[in-house]
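**Student:** everything below, folded, please.
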Amino acid sequence: MGPVAPRLRAAFSFGKDPFDPSHRFVTSWLVSPWMLFILRAIIATYILFTHLFIIAWYCSHPAAGGCLASRQLFSYFTFLTYWGLFFYFAVAALHTLDYALASPEDCSPGAPTLLARLPRLLQALHALLYTTITTYPPLVTVVYWALLYSGSWFPDVFDAWYIVSVHAINLVFALFEILIPRTERPPLVHAVWIVVLLGGYLGVAYITAADQGFYVYKFLDHDAVGGRGVVAAYIVGIAVGAVVGFLLVSGAIVLRRRITEDRLGMLGKLKAHDGGSRGIEFRRLKSRYPQGAASREV
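**Tutor:** Numbers count the residues shown, from 1 in each chain. Predicted structure coming up:
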C-alpha cells in the first residue's frame, strides 16, 4: 500500500511541470493559429446564438411554456453541456487569439502567454473543461437518439432546429476539438471527474423533481420505468457509458497524434517565430524515430 498513496496524490495533483509548453491547446496540425481562432470564435458565436434564441423563443411563446420553460432548460444535462461547449470555445478562442498575437518572446516555452499566466488551478480546470466538452456531447447524442427520441420527426421547424443543434451538431463541435487541435490525451484521472460531475448533475435533477415537480428525464422517475432498481441500472449504465466514451475520445486523440505527427510529420502550424515549441516537438519526434526525424519538418 506504501507506493499507492504517492501515486494517488500525484494523479490528483496539479503537477509542477510547465503547462502546455509547446502550445498544444492553441495550435493545430492542420490550420494556422489565426484560422483556429476564427473557427473557434464562429462556433462559440453559433452556440451562444442558439442558447439566446431558444430562451427568447420560449419566452415569446406562452403556449410552449413561456419563460418558465426557458428557466427549466437549465435543469437539463443537454442544455448545461451545450453551455459548457460555449464557454470552452469562447475561452479557447481567446487563448488562441492571444497566441496568434504573441511576440517572439511570448512564444517561448513557459513564456507569459495568457494561458501560461493563469494560476495552476485554472490551467487544470481548462484541461478538465476540454475533457468534458469532448466526452459529454457524444454521451448526450447517444442517450438522446437511443433512449429519448420518440421515432417521429418534429413537425415544427424550431423544434427540429433546436433538437439537431443540441443533440447532433454538438457532436460535430466535440469532434472538431478532438481532431483539429494538437491537444494531448487527457489524463486518466479525468475519468474520475467525469463520473463525479455526472453524480453532481444527478443531484440537480432530483432537486428539480422535488422543487418543481417534474423529472427532467423519464428514466430518473422510478414510477415511470418500473422501480428504483431500473433507475439505478440506467444511472450506472450512463456512468459506464461516460467512462467508455472518455476512453474512446482518448484513443481517438492518440490515434490522431500518431497519424498526423508520428507518421506524417505534421507537428503543428505554429507561429513562424515559435522556435521553442518547434524544438520541443522535434526532440520528441527524434526520440521516437531517431533515424528519420531529421527529414521531418515542424
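
**Student:** and the residue nearest the centre of the protein?
**Tutor:** Nearest to the mean C-alpha position of the chain, by Cα atoms, centre = their mean, lies Ile133 at 1.7 Å.

**Student:** which element is that one on?
**Tutor:** Secondary structure from DSSP states H and E places Ile133 in helix 120-143.

**Student:** hey, C-alpha coordinates of that helix in PDB?
**Tutor:** Taking Å, rounded to 0.1, in the frame of the first residue of the first chain, the C-alpha atoms of helix 120-143 are listed here in PDB:
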ATOM      1  CA  ARG A 120      -2.300  26.400 -11.900                       C
ATOM      2  CA  LEU A 121      -5.800  25.600 -10.700                       C
ATOM      3  CA  LEU A 122      -7.300  27.500 -13.600                       C
ATOM      4  CA  GLN A 123      -5.000  25.700 -16.000                       C
ATOM      5  CA  ALA A 124      -6.100  22.400 -14.600                       C
ATOM      6  CA  LEU A 125      -9.700  23.400 -14.900                       C
ATOM      7  CA  HIS A 126      -9.200  24.400 -18.500                       C
ATOM      8  CA  ALA A 127      -7.800  21.000 -19.300                       C
ATOM      9  CA  LEU A 128     -10.700  19.400 -17.400                       C
ATOM     10  CA  LEU A 129     -13.200  21.500 -19.300                       C
ATOM     11  CA  TYR A 130     -11.600  20.300 -22.600                       C
ATOM     12  CA  THR A 131     -12.200  16.700 -21.400                       C
ATOM     13  CA  THR A 132     -15.800  17.400 -20.600                       C
ATOM     14  CA  ILE A 133     -16.700  19.100 -23.900                       C
ATOM     15  CA  THR A 134     -15.100  16.100 -25.800                       C
ATOM     16  CA  THR A 135     -16.700  13.400 -23.600                       C
ATOM     17  CA  TYR A 136     -20.200  14.700 -22.700                       C
ATOM     18  CA  PRO A 137     -21.600  15.700 -26.100                       C
ATOM     19  CA  PRO A 138     -21.100  12.200 -27.600                       C
ATOM     20  CA  LEU A 139     -22.900  10.800 -24.500                       C
ATOM     21  CA  VAL A 140     -25.700  13.300 -24.800                       C
ATOM     22  CA  THR A 141     -26.100  12.400 -28.500                       C
ATOM     23  CA  VAL A 142     -26.200   8.700 -27.900                       C
ATOM     24  CA  VAL A 143     -28.500   8.800 -24.900                       C
END
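
**Student:** list the helices and strands the helix or strand containing Asp98 packs on?
**Tutor:** Assigned by DSSP H and E, Asp98 belongs to helix 77-101. Counting contacts by 3 or more Cβ pairs under 8 Å, 6 or more residues apart in numbering; DSSP states H and E, helix 77-101 packs against helix 33-59, helix 114-117, helix 120-143, helix 170-179, helix 189-212. Backbone N, C-alpha and C define where each C-beta goes, glycine included.

**Student:** sec struct for Leu30, please.
**Tutor:** Put simply, Leu30 is coil when judged by DSSP: H, G, I helix; E, B strand; the rest coil.

**Student:** mind listing what it touches?
**Tutor:** Taking Cβ atoms under 8 Å, 6 or more residues apart in numbering, we find Leu30 in contact with 180, 260, 266, 269.

**Student:** what residue ranges in the stretch 51-200 of the chain are flagged as low confidence?
**Tutor:** For the stretch 51-200 of the chain, applying pLDDT under 70 flags the ranges 104-112.

**Student:** thank you, goodbye.
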